[in-house]
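**Student:** One predicted model, sequence on top.
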Amino acid sequence: MKKLIFLLSILFLIQCKKEKQPIKGVITDKAMVVCARQEASQIGINIMKKGGNAFDAMIATDLALAVSYPFAGNIGGGGFLVYRTKDGEVGALDYREKAPLAATRNMYVDEKGNVIENKSTLGTNAIGVPGTIAGLFKVHEKFGTIPFKELIQPAIDLAKKGVLVTKKQASSLKKYKKNFQKANKRIIFLDKVWNENDTIKYLKLAETLERIRDNGRDEFYKGKTADILVSYLQDLGGIITKEDLVKYQAKWRKPIVFNYKDAKIISMSPPSSGGICIAQILKSIEPYNISKYKHNSEKYVQLITEAARRAYADRSHFLGDNDFVHINIDSLISSEYLDQRMQSFSFNKANNSDEIGHGILGLKESNETTHYSIIDQFGNAVAVTTTLNSAYGSKVYVKEGGFFLNNEMDDFSIKPGFANSYGLVGAEANKIEPEKRMLSSMSPTIVEQNGKLKMVLGSPGGSTIITSVMQNILNVLEYNMGMQEAVSKPRFHHQWLPDNIKFEPSFDKTIFPKLEKIGYTIDQSNAPVIGKVDAILVLPNGKLEGGADPRGDDKAIGF
Ligand code: DON
């Protein structure tokens, strides 16, 4: 009997040990790409193997995603890059879409002032002037070491060879079939029912990429591709003109940089709200010793929820394209202001979004997306989030050009107080104006610790990008998780309005009654997944650990 008990105890201990083993990601010595498709990660890695840097790899990976991941990878959308060079220099590039010249403040409301259903999300009217190609050439001009022709060629080859349909992609193509039909006449995705393991060849896209290879950036904005795009849109009743394309420029921006305890965080500045909101949330919770609360426990969720509630309320009121509106960034992310915002917080009772509006700033003046992370063998780091906005954007597919166009216009506040597809409400600061960039939540982010590169991360997920990125930063910095473990953990989200906390289905439900008791509303119906984080962690021994989000087909590859 004693023997049996002894044996059972040993078995029990072995089992416990097994369960406690944290999930480990791919670990490599020098360089890594983590992105939404294996083919694109491999193409990025091949570029670095032949001596290219992280910026060269970015261009190749981005174009490969445009081919292999039409869900969000694109040449008809836009994005943001945050970088940190091997020498510690940081910067950001904004290649966000812009409102067309003919856009007007009320273009999505009828004479009675009601929002016209789907106009800002589906079809030609939803499209912002695309920035991706301008962005990639801008990066190349400053940091590229390999000729652009060589960086675009793997994407061309992939488009011709064709891309295998994954199970997730097959189901998403089925799901959006009706909307493809509404937005287009005939396109490749309607030719047949695409099933898992079919191969789709993107021959028209290959031709477009070849023209860009041969003629450079202007091919997209002034050349044959521009003509194809504009005439297709005008046929369908769109408002984008050649002049819109000619005028488009990607812009270098100063990223948002702030300290959280002993870490320095570098994230995207306006026209994204990402960096400011992450800074607001982290700096609001900084005075609390958060690691003493169990991870994802009731107190942890409550504290972050209350910080997020306040940050999203500020987002809605203060933030927009800062080429058009003045944003007092220093005040918004100052500890002084945020401590005062958190004064009404108590662990005993939920706050209420009707009572918590935006803050009052002092007079002190200074005034369906995809993310990939790359670190190269030299120590340069690149975080890029790029998007068409919704899955396949406006669903408008430029047939002769072989690519989807975004529906980024829906990120504007199309009517004060009206919730966009992510439930976000906005105001004056984010109203539509010709040539203005719509406010984003995309948050490509880099973390430094002790002056050294620590982590590169980001996520898709609309408004949930901010909270997804922030939770992964805390998972690593406060809870010492590895990258894959951090990325795999269940997530939650609060965004001021609607006033509820969304939880992924795998979240520990035992905390719900406790939260409900003190006044929180739980929403588990709407969030099968929150974010899809692709990240890289520099381990203490200098090796790299990838975190490829299991919520998608994402893949870390390195050497
Ligand atoms: O810029 C933004 O915030 C949105 N257009 C991002 C869209 C997105 O993340 C879609 N992914 N699920």
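**Tutor:** Good, I have the coordinates.

**Student:** Report the central residue of this protein.
**Tutor:** Nearest residue to the geometric centre of the chain (CA atoms, centre = their mean): Pro460, 3.4 Å.

**Student:** List the contacts of it.
**Tutor:** Residues near Pro460 by CB atoms under 8 Å, 6 or more residues apart in numbering: Ala72, Glu368, Thr369, Thr370, His371, Thr385, Thr387, Gly531, Lys532. Bear in mind the C-beta positions are built from the backbone N, C-alpha and C, glycine included.

**Student:** just those residues: which has the poorest pLDDT?
**Tutor:** Within the set of the contacts of Pro460, pLDDT is lowest for Glu368 (77).

**Student:** How about the secondary structure of that residue?
**Tutor:** Following DSSP: H, G, I helix; E, B strand; the rest coil, Glu368 is assigned to coil.

**Student:** again with the one 5 residues further on
**Tutor:** Taken by three-state DSSP, the conformation at Ser373 corresponds to strand.

**Student:** What of Leu93?
**Tutor:** The three-state label given to Leu93 by three-state DSSP is strand.

**Student:** Please renumber the chain so that the first residue is 750 from this point on.
**Tutor:** Sure, I'll start counting at 750 from here, so that last one is Leu842.

**Student:** Can you name the residues bridging to it?
**Tutor:** Leu842 has these beta-bridge partners by DSSP bridges: Leu830, Trp1001.

**Student:** residue contacts, it?
**Tutor:** Applying CB under 8 Å, 6+ apart to Leu842 gives the contacts Phe829, Leu830, Tyr832, Gly884, Lys887, Val888, Ala999, Lys1000, Trp1001, Arg1002.

**Student:** between the contacts of Pro1209, which has the most around it?
**Tutor:** His1120 (35 neighbours; other CB atoms under 10 Å).

**Student:** Not counting sequence-adjacent ones, nearest residue to that residue?
**Tutor:** Excluding the flanking residues, the one nearest His1120 by CB to CB, 6 or more residues apart in numbering is Gly1207, at 3.6 Å.

**Student:** Correct me if wrong, but Tyr832 is in a strand.
**Tutor:** Yes: under three-state DSSP, Tyr832 falls within a strand.

**Student:** host element of the residue nearest to it when sequence neighbours are not counted?
**Tutor:** Nearest residue to Tyr832, sequence neighbours excluded (CB to CB, 6+ apart): Val1131, at 5.2 Å. Element membership for Val1131 (DSSP states H and E) is strand 1130-1136.

**Student:** okay, that strand in PDB with CA atoms only?
**Tutor:** Listed next in PDB are the C-alpha coordinates belonging to strand 1130-1136 (Å, rounded to 0.1, in the frame of the first residue of the first chain):
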ATOM      1  CA  ALA A1130      14.500  45.600 -35.000                       C
ATOM      2  CA  VAL A1131      11.400  46.300 -37.000                       C
ATOM      3  CA  ALA A1132       7.700  46.200 -35.900                       C
ATOM      4  CA  VAL A1133       5.200  46.700 -38.600                       C
ATOM      5  CA  THR A1134       1.400  46.600 -38.600                       C
ATOM      6  CA  THR A1135      -0.400  46.900 -41.900                       C
ATOM      7  CA  THR A1136      -4.000  46.700 -42.800                       C
END
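
**Student:** Report the buried residues of it.
**Tutor:** Ala1130, Val1131, Ala1132, Val1133, Thr1134, Thr1135, Thr1136 (16 or more other CB atoms under 10 Å).

**Student:** so where do the helices sit in the stretch 850-999 of the chain?
**Tutor:** 881-892, 897-910, 916-924, 926-932, 952-964, 967-970, 973-984, 991-996 (DSSP state H, counting those that start in this stretch).

**Student:** Contacts for the first one, please.
**Tutor:** Translated: helix 881-892. Residues contacting helix 881-892 (CB under 8 Å, 6+ apart): 802, 804-805, 807-808, 811-812, 815, 823-828, 830, 832, 842, 844, 897, 900, 961, 965-966, 969-970, 997-999, 1001, 1135.

**Student:** Quick check: ChimeraX command selecting the buried ones in these.
**Tutor:** Buried members of the contacts of helix 881-892, defined by 16+ other CB under 10 Å, are picked up in ChimeraX with:
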select :802,804,805,807,808,811,812,815,823,824,825,826,827,828,830,832,842,844,897,900,961,966,969,970,997,999,1135
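
**Student:** mean confidence score for the longest helix seen in the chain?
**Tutor:** Longest helix in the chain by number of residues, with DSSP state H as the criterion: helix 1047-1067. Helix 1047-1067 comes out with an average pLDDT of 97.

**Student:** Show me where the stretch 1200-1308 of the chain dips below the pLDDT cut-off.
**Tutor:** 1275 (pLDDT under 70).

**Student:** near the ligand, which residues of the chain show up?
**Tutor:** Near the ligand, the residues belonging to the chain are 1117-1118, 1136, 1138, 1157, 1160, 1189-1191, 1209-1211, 1214 when assessed by CB under 6 Å from any ligand atom.

**Student:** Quick check: the farthest pair among the residues you listed?
**Tutor:** Among those, the pair separated by the greatest distance (CB to CB) is Glu1157 and Gly1210, at 15.3 Å.

**Student:** could the residues of the chain next to the ligand go into CSV alongside secondary structure?
**Tutor:** Converted to CSV, these look like this (three-state DSSP):
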residue, secondary structure
Glu1117, coil
Thr1118, coil
Thr1136, strand
Asn1138, coil
Glu1157, helix
Asp1160, helix
Ser1189, strand
Ser1190, coil
Met1191, coil
Pro1209, coil
Gly1210, coil
Gly1211, coil
Ile1214, helix
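
**Student:** Redo the residues you listed as a markdown table? Include distance to Phe1067.
**Tutor:** Shown next, in a markdown table, are the residues of the chain next to the ligand (distance: CB to CB, whole Å):
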| residue | distance to Phe1067 |
| --- | --- |
| Glu1117 | 26 |
| Thr1118 | 23 |
| Thr1136 | 22 |
| Asn1138 | 22 |
| Glu1157 | 20 |
| Asp1160 | 16 |
| Ser1189 | 15 |
| Ser1190 | 14 |
| Met1191 | 18 |
| Pro1209 | 24 |
| Gly1210 | 22 |
| Gly1211 | 19 |
| Ile1214 | 18 |
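
**Student:** sorry, back to before: closest one of the buried residues of strand 1130-1136 to Asn874?
**Tutor:** Of the buried residues of strand 1130-1136, the one sitting nearest to Asn874 (CB to CB) turns out to be Thr1136, at 18.1 Å.

**Student:** Excluding chain neighbours, give the residue nearest to the closest one in space.
**Tutor:** Of all residues not flanking Thr1136 in the chain, Thr1118 sits nearest, at 3.6 Å (CB to CB, 6+ apart).

**Student:** Please apply the same query to Ala1012.
**Tutor:** Gln1198 (4.9 Å).

**Student:** Lys1000 too?
**Tutor:** Asp843 (4.8 Å).

**Student:** Surely that neighbour touches Arg1002?
**Tutor:** Yes: counting by CB atoms under 8 Å, Asp843 touches Arg1002, with 4.9 Å between them.

**Student:** hey, what's in contact with both of these two?
**Tutor:** Contacts common to Asp843 and Arg1002, judged by CB under 8 Å, 6+ apart, are Ser1018.

**Student:** Give me the phi and psi for the closest residue to the ligand within the stretch 750-899 of the chain.
**Tutor:** Nearest residue of the stretch 750-899 of the chain to the ligand (CB to the nearest ligand atom) works out as Ala821 at 6.5 Å. Here the main-chain torsion angles of Ala821 (degrees, to the nearest 10) amount to phi -150, psi -30.

**Student:** Please apply the same query to Gly1307.
**Tutor:** Main-chain torsions, Gly1307, degrees, to the nearest 10: phi -160, psi -170.
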